[in-house]
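1. Fold the stuff below for me.
(one chain, ligands or ions: 3)
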Amino acid sequence: MEMVNVKINGIAVSVPKGSTVLEAARAAGVEIPTLCYMKDINEIGACRICVVEATGARGLVTACVFPVAEGMEVQTNTPKVRAARKTTLEMILSTHDKKCLSCVRSTNCELQKLCLEYGVDEGAFAGYKPEYELDTSAPHLIRDNNKCILCRRCVAACREQHVAVIGANNRGIDTAIGSAFNMQLNDTSCISCGQCINVCPVGALTEKDDTDKVWAALADTTKHVIVQTAPAVRAALGESFGMPIGTNVEGKMVAALRRLGFERVFDTDFGADLTIVEEANELIERVKNGGVLPMITSCSPGWVKFAEYYYPEQLKNLSSCKSPMQMTGAIIKTYYAEKMGWDAKDIVVVAVMPCTAKKFEIGRADQSAAGVPDVDISITTRELARMIARAGLKFEALPNEEFDNPLGEDTGAAVIFGATGGVMEAALRTANDWLTGKDNDKVEFTEVRGTAALKEATYKIAGMDVKVAVASGAKAAKEVMDKIAAGEADWTFVEIMGCPGGCVNGGGQPIQPQYIRDTVDLKAVRAKALYDADEAAVLRKSHKSPAVCELYGDGKFFEGYGCHKAHEYLHTSYVARKKY
Ligand code: SF4
Ligand code: SF4
Ligand code: SF4
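-> Residues are numbered from 1 along each chain as shown. Ligands and ions are numbered 1, 2, ... in the order given. The predicted model follows:
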């Protein structure tokens, strides 16, 4: 590889030819501020916060797109650079709705941080300021263009998902991000993934906050308010309280939920184990009876919505299993309600999820085992963090507590659901045992691990070649689905997650500034917390979960895997949606 020698603030560094000034600066340990830049995804030099002085260049250059040359000397912190950045920030603020006191992104806002650092004058420029109505049409997201700084990161993230339902409308000072013909987001084929929220540097995009509904339920003494938490939440919640990325805070999270007043704290891992036994059973049935293959997982509501909009002809490939969240809710409102002598109507199930699409999923049809919604309220990891803060709980100081039983029991197979490849590995553990009729020692299927967007593997199980594929992010999903639609796929089983890296990188997880997103593999570090938990688990196969076993068999709740009642309570259906 041809290298180029440059100096950044006098620090000598050698970088590959073609590198930008920003990349060279990062290699030299010098951080240059950015507002629009996203590595490999949005390199458009639009915000002009990253300007620097460089020898051989006329005037200031934008570090994120300007290439280095042999012998170039770059200065990132001169009076001229600082003045230019300050003026740019003041111009951004001239059209910005400055509501830092109440903004959900305050203290975690990339614009606010820079304004403080550069000592800007909020009122330096005044003039025409467009006023925008909030787009609150979708169940998962609110767009407030009064705070938008037109960095276009959301547009790039949505395009990267191969959904591309947002872009710039109008011209000049009236430029605004929105959908074609200014349609409301809910009228488009948005898949509710929330990836746009995670990259927004400011408070222009936020999840729809449902915490008031949870506070109201908790205050209602006529209700049994039960919470369940998805595996990926424990791997990221600590970030909201300044803990290192990848810290597993399961015990403190449970303690916090109990102190918030939930009557039972259950684990969605239970539902993940349940999903695996129903899904593995469905797969084996399809293989034995010539059913539609490949069978594709259905736990990610962002992915399911993507399939409904973009691949309606292939919906028959999706497993009919509800997601672990919905299965857990269904069992709470049927089996557990029966056990406790409670009326399902008096139970409020709150789900804490790493995902914004779950807010859409809870309102889907055919998700009501007891005649009432399986799950009543879905909040994100970020919303839970806000509730913990509002309740005055010192998260770091909380003790480690255990989930309530029986629906808090889980296996290692369930906890890895939060990472791409986790559902596949969990399913393979069970299918391997069931097809061979043995309790196999092999539990690790490492070929399907890792953060690559698309992974493939072939396993010899009971004399059969089982070909599998794992895709995460809608871009990789499209690659897989195009092959299936063209009849060119020979996979037996496919796992697809709507978000790149799976749920650990879901649209509801704590927001890290873009500098961290560019330099730390969040997906891998958070996933490691889950794989470590799996390795430490005593039980690592879903069909060994005592809570799941308790549901099936002689005279128990279900007559067997995939029985009529299990179908009624734990399976669902899909609808072809019109794409806009
Ligand atoms: S987006 Fe940032 S600068 Fe704007 S109101 Fe919110 S916290 Fe303040
Ligand atoms: S939620 Fe996902 S699909 Fe919808 S606009 Fe945002 S990035 Fe695009
Ligand atoms: S909504 Fe956020 S990410 Fe999108 S252009 Fe505006 S500021 Fe940037």
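
2. how close does the residue in the stretch 301-450 of the chain that ligand 2 sits nearest to get to Q509?
-> As assessed by C-beta to the nearest ligand atom, ligand 2 sits closest to T356 within the stretch 301-450 of the chain, at 6.6 Å. Where you see a C-beta, it was placed from the backbone N, CA and C, and this is true even at glycine. Using C-beta to C-beta, to the nearest Å, one gets 10 Å for the distance from T356 to Q509.

3. list residues touching both of those two?
-> Here T356 and Q509 have T380 as joint contacts, going by C-beta atoms under 8 Å, 6 or more residues apart in numbering.

4. more crowded one of those two?
-> Of the pair T356 and Q509, T356 is the one with more neighbours under other C-beta atoms under 10 Å, namely 32 against 29.

5. how near is the more buried one to A414?
-> For T356, the distance to A414 (C-beta to C-beta) stands at 22 Å.

6. quick one, what contacts the residue nearest to L274 when sequence neighbours are not counted?
-> In space, and not counting its chain neighbours, L274 is closest to M327: 4.9 Å by C-beta to C-beta, 6 or more residues apart in numbering. Contacts for M327 (C-beta under 8 Å, 6+ apart) come out as 271, 274-275, 278, 321, 374, 570.

7. For the residues you listed, please prepare a markdown table with the additional fields neighbour count and pLDDT.
-> What follows is the contacts of M327, written out as a markdown table (neighbours: other C-beta atoms under 10 Å; pLDDT from 0 to 100):
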| residue | neighbour count | pLDDT |
| --- | --- | --- |
| G271 | 33 | 97 |
| L274 | 30 | 97 |
| T275 | 31 | 97 |
| E278 | 25 | 97 |
| C321 | 27 | 98 |
| D374 | 30 | 98 |
| L570 | 28 | 98 |
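
8. Among those residues, which one sits closest to N248?
-> Distances from N248 to the contacts of M327, taken as C-beta to C-beta, are shortest for G271 (19.3 Å).

9. which is the next helix or strand following whichever strand or helix holds the closest one?
-> For G271, the host element (DSSP states H and E) is helix 268-289. Sequence-wise, the next helix or strand downstream of helix 268-289 (DSSP H and E) is strand 295-296.

10. Quick check: which helices or strands does that following strand pack against?
-> Judged by 3 or more C-beta pairs under 8 Å, 6 or more residues apart in numbering; DSSP states H and E, strand 295-296 is in contact with helix 268-289, strand 493-497.

11. Quick check: which of those is buried the most?
-> Stretch with highest mean neighbour count among the helices and strands packed on strand 295-296: strand 493-497 (a mean of 28; mean count of other C-beta atoms under 10 Å).

12. quick one: that one to chain centroid distance?
-> Centroid separation for strand 493-497 versus its chain: 16 Å, with C-alpha atoms, centre = their mean, to the nearest Å.

13. surely the residue of the stretch 301-450 of the chain closest to ligand 2 meets H140?
-> Yes: counting by C-beta atoms under 8 Å, T356 sits close enough to H140 to count as a contact (4.0 Å).

14. Overlap in contacts, those two.
-> 192, 194, 207, 507.

15. Just give me the residue closest to the centre of this protein.
-> Centroid-nearest residue in the chain: G506, 0.4 Å away (criterion: C-alpha atoms, centre = their mean).

16. closest one to ligand 3 among the helices and strands packed on strand 295-296?
-> strand 493-497 (22.5 Å).

17. Distance check, the residue nearest to the centre of the chain against A357.
-> Taken as C-beta to C-beta, the span from G506 to A357 is 8 Å.

18. Common neighbours of these two, please.
-> Taking C-beta under 8 Å, 6+ apart as the criterion, G506 and A357 both touch 193-194.

19. farthest pair in the contacts of M327?
-> Maximum pairwise distance in the contacts of M327, criterion C-beta to C-beta, is 14.5 Å, between E278 and D374.

20. how about the residues of the stretch 1-150 of the chain near ligand 1?
-> With C-beta under 6 Å from any ligand atom as the criterion, the stretch 1-150 of the chain meets ligand 1 at residues 96, 98-100, 103, 105-106, 109, 111-112, 147.

21. farthest pair in these?
-> Checking those with C-beta to C-beta, the most distant pair is H96 and S106, at 13.2 Å.

22. hey, C-alpha coordinates of stretch 525-538 in PDB?
-> Taking C-alpha atoms only, stretch 525-538 is exported to PDB below (Å, rounded to 0.1, in the frame of the first residue of the first chain):
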ATOM      1  CA  VAL A 525     -18.300  -4.500  21.800                       C
ATOM      2  CA  ARG A 526     -22.000  -4.700  22.900                       C
ATOM      3  CA  ALA A 527     -22.300  -8.200  21.400                       C
ATOM      4  CA  LYS A 528     -19.300  -9.400  23.300                       C
ATOM      5  CA  ALA A 529     -21.200  -8.700  26.600                       C
ATOM      6  CA  LEU A 530     -23.900 -11.100  25.400                       C
ATOM      7  CA  TYR A 531     -21.600 -13.900  24.200                       C
ATOM      8  CA  ASP A 532     -19.700 -13.700  27.500                       C
ATOM      9  CA  ALA A 533     -23.000 -14.100  29.300                       C
ATOM     10  CA  ASP A 534     -23.800 -17.200  27.100                       C
ATOM     11  CA  GLU A 535     -20.500 -18.700  27.800                       C
ATOM     12  CA  ALA A 536     -21.000 -18.300  31.600                       C
ATOM     13  CA  ALA A 537     -24.500 -19.700  31.500                       C
ATOM     14  CA  VAL A 538     -25.300 -23.200  32.900                       C
END
